[in-house]
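Undergrad: everything below, folded, please.
(one chain, ligands or ions: 2)
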Amino acid sequence: MTDTPAKPTRPAFLNGSVKRLLIDGQQVLAESGRTFHTINPATGQVLAEVALAEAVDIDKAVAAARRAFEGPWSKFTPFDRQAVLLRLADLLDENFDELAMLDTLDMGAPITATTSRRRRGIALLRYYAGLATSIQGHTIGNSQPGGIFTYTLKEPVGVVAAINPWNGPLGMAIWKIAPALAAGCTVVLKPAEQAPLSPLRLGELCLEAGIPSGVVNVVTGFGEAGAALAAHPGVDKIAFTGSTEVGQHIVRASAGNLKRVSVELGGKSPNIVFADADLDAAVPGAAMAVFLNSGQICSAGTRLFVERKIYEEFVERVAQFARSLKVGDPLDPTTQLGPLVSESQLTRVMGYLNAAQAEGARTAAGGTRLTETGLENGYFVAPTVFSQVSDNMSIAREEIFGPVISALPFDTIGETIQRGNDTPFGLGAGIWTRDTDKVQQITRGLRTGTVWVNCYGPMDPAVPFGGYKMSGYGRESGTEHMDEFLQTKSVWLKGNAHQI
Ligand code: NAP
Ligand code: MG
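TA: Ligands and ions are numbered 1, 2, ... in the order given. Below is the predicted model of the structure:
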């Protein structure tokens, strides 16, 4: 007997043949019969064969979502919508180990990380279930003669295309579906091709929870399927999370029928450490602001600005922390970092590691692919810290989406604001200091959607998250998120008061 927890078992969902699309409550093959493979990035081996949706399948899914929106779903009262979302939350809880396992196998996040997302997933569903019964218009006093009464109705925007990346397949699917359903919309979800499995399983659970057929449709496929959705005249709103480049495509594609659009895009977030900070907290804080999920987090604090007088010492401590992290088999409960999601992501990150070395950055930790026995067929990269980075190097300017920190020294508060903002992105930022004057000045100066002070990365269903600048627009989480799925109708009601 040992104390080491047993490795979790292979989910039953992986048994059987092709994983099918979910359209109108039915699990169906693509019209063309075509499929694609999703890969386990820890081994490079095929994990499952998945139906490949194309434009014709998107047409069917959008039509089903429209029928459901105008039909059964429109009969659901706010309390009914709340009840099914709460039931889905309970089913998520019951089935969470399987879902976490699917994400670990499909995109490589360690099993301890995917299982620890249980609380957030359930909390998101319960939070939006609550908001389903809190949708409110206003009564508005007007200045028109004749006693006309005016009020607003909040109405669901309609059919939502939710298009997601691979870095948090389950959580991101919930984050889109839950508010859309709470608002009374229906959804066609297009997960990323690299990690389609947990969203498909979530679709099954939606049906089991009593959500009517066609309210949630899941179409797996490539970028073409996303593009067909983005351009589709039957879609009323696109909720997109992904790269800035694809976000721009989406905005252009939305113009045909002037869809509502929200886009949560990339980042190159500054994380600013002052000498007066609690450095024992700031060292792991700075490291995990990037290394969590192997750096595949949009808000990762990849530009680590460190006050010059502690720069050398601090960077060395972060490098030591990086070296102490256990990278390996994501199914091993002692693993802290898994592989990157795909071979192409590995190639991209290795390109940046080579560029950094060529441009003159100093490698304080990592800097290489890991190919030791057991990891050689996977896409593993050592957690990497570069020092002597200058602002114009590619690693300081471009989103890498890998476990790579670029450490830059600074001297003044003004410089942290100016250099922190010197990027097209504006998603997140961190500040580590005990001085509240610095906190006030820098939080106001930074043009980012979130600022974390003496911490990095916490998220909560009630707290809005989203970008400034080219990190996108629209907010997810919080009551503002519901507004993305609602529209306002003003009603002018002229009564016959004179007849009374
Ligand atoms: P991506 O390449 O932009 O893909 C995102 C989704 O869009 C995928 O489902 C993709 O399908 C689909 N797609 C591709 N081309 C399309 C097109 N022309 N029209 C419509 N849809 C299309 O992003 P990714 O590589 O999966 O994810 C990494 C990026 O996401 C990073 O830049 C990261 O910063 C960003 N991200 C942002 C946030 C945030 O909240 N701000 C959160 C997570 C990730 P395929 O998978 O089939 O290509
Ligand atoms: Mg995969």
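
Undergrad: give me the number of residues near the residue of the stretch 401-500 of the chain found nearest ligand 2?
TA: Among residues of the stretch 401-500 of the chain, the one nearest ligand 2 by C-beta to the ion turns out to be Phe401. It sits 15.5 Å away. Placement of C-beta: from N, CA and C, glycine included. Neighbour count of Phe401, defined by other C-beta atoms under 10 Å: 25.

Undergrad: and it, backbone torsions?
TA: Listed backbone geometry of Phe401 is phi 60, psi 50, with angles given as degrees, to the nearest 10.

Undergrad: show me what contacts it?
TA: 167, 266, 295-296, 300, 345, 348-349 (C-beta atoms under 8 Å, 6 or more residues apart in numbering).

Undergrad: which of these has the most neighbours?
TA: Counting neighbours by other C-beta under 10 Å, Ala300 comes out on top of the contacts of Phe401 with 30 neighbours.

Undergrad: now do stretch 433-449, average pLDDT.
TA: If you average the pLDDT over stretch 433-449, you get 98.

Undergrad: walking through the stretch 151-300 of the chain, point out its helices one by one.
TA: Taking DSSP state H, counting those that start in this stretch as the criterion, the stretch 151-300 of the chain contains helices spanning 169-183, 197-208, 223-231, 244-253, 279-291.

Undergrad: most tightly packed of those helices?
TA: Among the helices of the stretch 151-300 of the chain, judged by mean count of other C-beta atoms under 10 Å, the one packed with the most neighbours on average is helix 169-183 (a mean of 27).

Undergrad: how many other residues sit next to the nearest residue to Cys206 once chain neighbours are set aside?
TA: Setting aside the residues directly before and after it, Cys206 is nearest to Val216 in space (C-beta to C-beta, 6 or more residues apart in numbering), at 4.4 Å. By other C-beta under 10 Å, 31 other residues sit near Val216.

Undergrad: ok, Val216 - contacts?
TA: By C-beta under 8 Å, 6+ apart, the contact set of Val216 is 22, 177, 181, 186-187, 189, 203, 206-207.

Undergrad: give me that answer again for 7 Å
TA: Taking C-beta atoms under 7 Å, 6 or more residues apart in numbering as the definition of contact, the neighbours of Val216 are 177, 187, 189, 203, 206.

Undergrad: returning to what we had before: relative to ligand 2, which of the helices of the stretch 151-300 of the chain is closest?
TA: Closest to ligand 2 of the helices of the stretch 151-300 of the chain is helix 197-208 (C-beta to the ion; 7.5 Å).

Undergrad: tell me which other helices or strands the closest one touches.
TA: helix 78-94, helix 96-107, helix 169-183, strand 216-218 (3 or more C-beta pairs under 7 Å, 6 or more residues apart in numbering; DSSP states H and E).

Undergrad: who in the protein is up against ligand 2?
TA: Selection of the chain residues close to ligand 2 by C-beta under 5 Å from the ion yields 38-39, 106, 194.

Undergrad: at 8 Å instead, please
TA: Residues of the chain that fall close to ligand 2, judged by C-beta under 8 Å from the ion: 38-41, 47, 105-108, 166, 194-197, 341-342.

Undergrad: for whichever residue of the chain sits closest to ligand 1, give me the pLDDT.
TA: Sorted by distance to ligand 1 under C-beta to the nearest ligand atom, the residues of the chain start with Gly226, at 2.2 Å. Gly226 is assigned 98 on the pLDDT scale.

Undergrad: how far does stretch 142-152 stretch from one end to the other?
TA: End-to-end distance of stretch 142-152 (C-alpha to C-alpha, to the nearest Å): 12 Å.

Undergrad: how about stretch 413-432?
TA: Per C-alpha to C-alpha, stretch 413-432 runs 12 Å from first to last residue.

Undergrad: so which bits of that stretch are buried?
TA: 413, 416-417, 419-421, 423, 425-432 (16 or more other C-beta atoms under 10 Å).

Undergrad: now stretch 44-61
TA: Applying 16+ other C-beta under 10 Å to stretch 44-61 flags 47-48, 50-54, 57-58, 60-61 as buried.

Undergrad: which residues touch the helix or strand where Val306 lies?
TA: Using DSSP states H and E, the secondary-structure element containing Val306 is strand 303-307. Outside strand 303-307, the residues within contact range by C-beta under 7 Å, 6+ apart are 268-275, 286, 314-315, 396, 405-410, 416, 419-420.
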